[in-house]
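1. heads up, no residue letters with this:
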């Protein structure tokens, strides 16, 4: 079968292309911008890429016309290829529906959903299964460094998928994850996001309940007890077995007292809990039903990654992995790229890249980074945040009142005001808890950081996009 993918260079659609090619299909595709690293990864697999959306790429009936067109959710009516597909009656589908019908049939699907941590948790889960000999397939919205690719078919019934709540296509406004029919469902957390397609949190919660409705009675839903928005979704109806992640009641946010007293919730059935050993989160104990399952000692930091890890351990246990073996696997886990990834240390200044693009994710990442710095030889060094409010929700101004406080654990902030941002970032930063400067030019940000960063400082660049290539430019300027 000849499959042509519109919008092929996104992480989801690019991963889907790799899976379709691995199944033996002829795969071609196009996008508005065809560029590395995704373009390189696809071309190495023999996938022809086309720049732009000239309808000529669809061939003619009987002459290179695709058997099926997979339409990405970035495509809309008015796109020349979309219009040609509709006018010529070429068979088409959405990416999530293609995944469901052609890849996930007869698979044990382990889906990881939530506002934050989907990529990290699904990467952890896929690695735990791989380490323990399960050889899973997976489709993840990033590149897990333990695998080096974002998707593969696998050699077993098990398939891990990052389950996104964003819509499926212009003709199917259901969340992607509704198509996946998981047997194991992880819900990490839930907040308002994607303001471009959801009116409010309740609209997102309805979609989460829709996916819960597809989990078999003998399946399992793993969710965080203290997240009220998730509790409300569960209260809308859950017909499956449940396991709970429960933060210990005495968990503090102070770096010097980052400890856990687990006794308060030991009696709760099916409850997973952490006991933090190292302030930065690189070492912690895992407890299930109040009993120790072992100690994780790994390279990651932050309370959010502790939570992600326990969710992955719980999901793996559902398919038969002993928690002790999952803990052993996590000691050798390498996080996905762009998840607090150390890019370089230049003249004593550490430069990190992070995907955080929501105030909660920004705050939790900085919490872990602050603890790491505090316990290092550079305890007196500054943390410098360079932030691009790039997501659709950020650009709309939904988070303008909470963004400033999310940076409280940094020492200084430099923010980028792009032309397509509809609100005044400078005005919103007027009462920020740290010094914040807003720039309209990338080069000005680079020059400001280069002029103020000293040996022992940490620069963390936060954006869910390419940020105009600022990462390598910043490293060059610091040299």
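-> Now that the structure is in, tell me what you want to look at. In this text, all values refer to a predicted model and were calculated from it rather than measured experimentally. Residues are numbered from 1 along each chain as shown.
2. Flag every buried residue along the lowest-mean-pLDDT helix or strand in the chain.
-> Lowest on mean pLDDT, DSSP states H and E among the helices and strands of the chain sits helix 392-396, with a mean of 77. Neighbour counts over helix 392-396 (16 or more other CB atoms under 10 Å) mark 393, 394, 395 as buried. In this view, the C-beta of every residue, glycine as well, is placed from N, C-alpha and C.
3. Distance to residue 452 for the residues you listed - can I get that in TSV?
-> Below are those laid out as TSV (distance: CB to CB, whole Å):
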residue	distance to residue 452
393	30
394	25
395	27
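4. List the residues that contact the nearest residue to residue 189 once chain neighbours are set aside.
-> Closest residue in space to residue 189, ignoring its immediate chain neighbours: residue 114 at 4.7 Å, by CB to CB, 6 or more residues apart in numbering. Contact analysis of residue 114 by CB atoms under 8 Å, 6 or more residues apart in numbering lists 121, 186, 187, 188, 189, 190.
5. which residues touch the least confident helix or strand of the chain?
-> 192-196, 357-358, 389, 399, 403, 418, 420-422.
6. Show me what secondary structure element comes after it.
-> Sequence-wise, the next helix or strand downstream of helix 392-396 (DSSP states H and E) is helix 403-406.
7. Give me the pLDDT for residue 100.
-> Per-residue pLDDT puts residue 100 at 97.
8. which SS class is it?
-> helix (DSSP: H, G, I helix; E, B strand; the rest coil).
9. That one reaches residue 180, doesn't it?
-> Yes: Residue 100 lies in contact with residue 180 (CB atoms under 8 Å); the separation is 6.3 Å.
10. Looking only at neighbour counts, state which of these two leads.
-> residue 180 (26 against 19; other CB atoms under 10 Å).
11. Surely that one and residue 110 touch.
-> No: using CB under 8 Å, residue 180 is not in contact with residue 110; the gap is 9.7 Å.
12. okay, and the common contacts of the two?
-> Joint contacts of residue 180 and residue 110 (CB under 8 Å, 6+ apart) are residue 161.
13. who's in contact with residue 400?
-> Contacts of residue 400 by CB under 8 Å, 6+ apart are 423, 425, 428.
14. any chance of these in TSV, plus neighbour count, secondary structure and pLDDT?
-> Listed next are those as TSV, based on neighbours: other CB atoms under 10 Å; DSSP: H, G, I helix; E, B strand; the rest coil; pLDDT from 0 to 100:
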residue	neighbour count	secondary structure	pLDDT
423	16	coil	85
425	22	helix	87
428	20	helix	88
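15. quick one: which of the residues you listed is nearest residue 277?
-> Checking the contacts of residue 400 against residue 277 with CB to CB, the nearest one is residue 428 at 37.8 Å.
16. Show me the shaky parts of the stretch 51-200 of the chain.
-> When residues are selected by pLDDT under 70, none of them lie in the stretch 51-200 of the chain.
17. That one: helices as residue ranges?
-> All helices of the stretch 51-200 of the chain, identified by DSSP state H, counting those that start in this stretch, fall at 80-88, 95-102, 118-131.
18. Flag every buried residue along the second one.
-> Okay, so that is helix 95-102. 95, 96, 97, 98, 99, 100, 102.
19. again with the first one
-> Using 16+ other CB under 10 Å as the test for burial, helix 80-88 gives 81, 82, 84, 85.
20. Show me which of the residues you listed is closest to residue 408.
-> For those, the nearest to residue 408 is residue 82 (44.7 Å; CB to CB).
21. Spatially central residue for the protein, please.
-> Geometric centre of the chain, nearest residue: residue 119, 3.5 Å, by CA atoms, centre = their mean.
22. hang on, the earlier thing: tell me which two in the contacts of helix 392-396 are the farthest apart.
-> 192 and 418 (22.0 Å).
23. ranges for the strands of the stretch 201-350 of the chain?
-> 220-224, 241-245, 271-276, 283-288, 291-297, 341-346, 349-354 (DSSP state E, counting those that start in this stretch).
24. likewise the stretch 351-479 of the chain?
-> So, for the stretch 351-479 of the chain - with DSSP E, counting those that start in this stretch - the strands run 383-387, 412-416, 436-439, 458-462.
25. need these in TSV with mean pLDDT, distance to residue 129 and mean neighbour count, can you?
-> TSV is the format used below for those (pLDDT from 0 to 100; distance: least, CB to CB, whole Å; neighbours: other CB atoms under 10 Å):
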stretch	mean pLDDT	distance to residue 129	mean neighbour count
strand 383-387	94	35	25
strand 412-416	93	39	22
strand 436-439	92	43	18
strand 458-462	93	30	25
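26. Of all the ones you listed, which one comes closest to residue 150?
-> strand 458-462 (21.2 Å).
27. Distance from the chain centre to that closest one, please.
-> What separates the centre of strand 458-462 from the centre of its chain is 18 Å, taken as CA atoms, centre = their mean, to the nearest Å.
28. do the same with stretch 454-472
-> Taking mean C-alpha positions (CA atoms, centre = their mean), stretch 454-472 and its chain are 18 Å apart.
29. And it, what's buried?
-> 456, 457, 458, 459, 460, 461, 462, 463, 464, 467, 470, 471.
30. from those, which is closest to residue 66?
-> Closest to residue 66, out of all of these and judged by CB to CB, is residue 464, at 30.6 Å.
31. Can you tell me, leaving aside adjacent residues, what's nearest to the closest one?
-> Closest to residue 464 by CB to CB, 6+ apart is residue 357, at 4.0 Å.
32. The one you found and residue 461 touch, don't they?
-> No: the criterion here is CB under 8 Å, and residue 357 misses it with residue 461 at 11.8 Å.
33. Contact partners for the residue nearest to the centre of the chain?
-> Neighbours of residue 119 in contact, by CB under 8 Å, 6+ apart: 140, 141, 142, 162, 336, 339, 355.
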